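A.B. asks: need coordinates for the below:
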Amino acid sequence: MQRRTPDAIRSRVAAALESVSHISLAVSFLVAGPLVGWLGPRGTYVFGGVVSLFAIVAAVPVFRARNEADVGTTGPARDGETPAALVLGDSTEPAYSAGETETTASTR
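C.D. replies: Purely as a prediction, here's the structure:
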């Protein structure tokens, strides 16, 4: 995450990943209670193992795709424009003036 995310949005991406982790934990507590009542403790562990195996099988194509060579361009997309500038906007103009933060800039 840290190497693939532009500096300007890295904290937002980290917060999104952390949110997904916390929401997943909360959902697992909601699902596990009825599942233990229905399957029992041993059956719940077996069910979790089967779901984990399916997750691994589903993740294999994703990992293979990440290891394939990138067939895109190797240089800037346009004259002097970086990939981050395409995502974040024009990089020639500073986002904030001197001494300004994201909070103060949003109140302009």
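A.B. asks: and Glu100, what pLDDT?
C.D. replies: Listed pLDDT for Glu100 reads 61.
A.B. asks: got it, and Ser97?
C.D. replies: On the pLDDT scale, Ser97 gets 60.
A.B. asks: what's the answer for Val46, then?
C.D. replies: Looking at Val46, its pLDDT is 95.
A.B. asks: residues contacting it?
C.D. replies: For Val46, the contacting residues are Leu39, by Cβ atoms under 8 Å, 6 or more residues apart in numbering. Yep, even glycine has a C-beta here, placed from its N, CA and C like the rest.
A.B. asks: quick check: it vs Asp7, distance?
C.D. replies: Separation of Val46 from Asp7 (Cβ to Cβ, to the nearest Å): 45 Å.
A.B. asks: got it, and Val51?
C.D. replies: Separation of Val51 from Asp7 (Cβ to Cβ): 36 Å.
A.B. asks: the closest residue to Arg10 other than its chain neighbours sits in which helix or strand?
C.D. replies: Counting by Cβ to Cβ, 6 or more residues apart in numbering, Arg10 lies nearest to Gln2, which is 6.7 Å off, once chain neighbours are set aside. Using DSSP states H and E, Gln2 sits in no helix or strand.
A.B. asks: Val62 too?
C.D. replies: Short version, using DSSP H and E: Val62 is in helix 10-67.
A.B. asks: ok, back up a step: so the residue nearest to Arg10 makes contact with Ile9?
C.D. replies: No. With contact defined as Cβ atoms under 8 Å, Gln2 does not reach Ile9; the gap is 11.8 Å.
A.B. asks: ok, those two, which is more surrounded?
C.D. replies: Neighbour totals were compared for Gln2 and Ile9, and Ile9 leads with 13 against 8 (other Cβ atoms under 10 Å).
A.B. asks: per-residue pLDDT of that one, please?
C.D. replies: As predicted, Ile9 sits at a pLDDT of 85.
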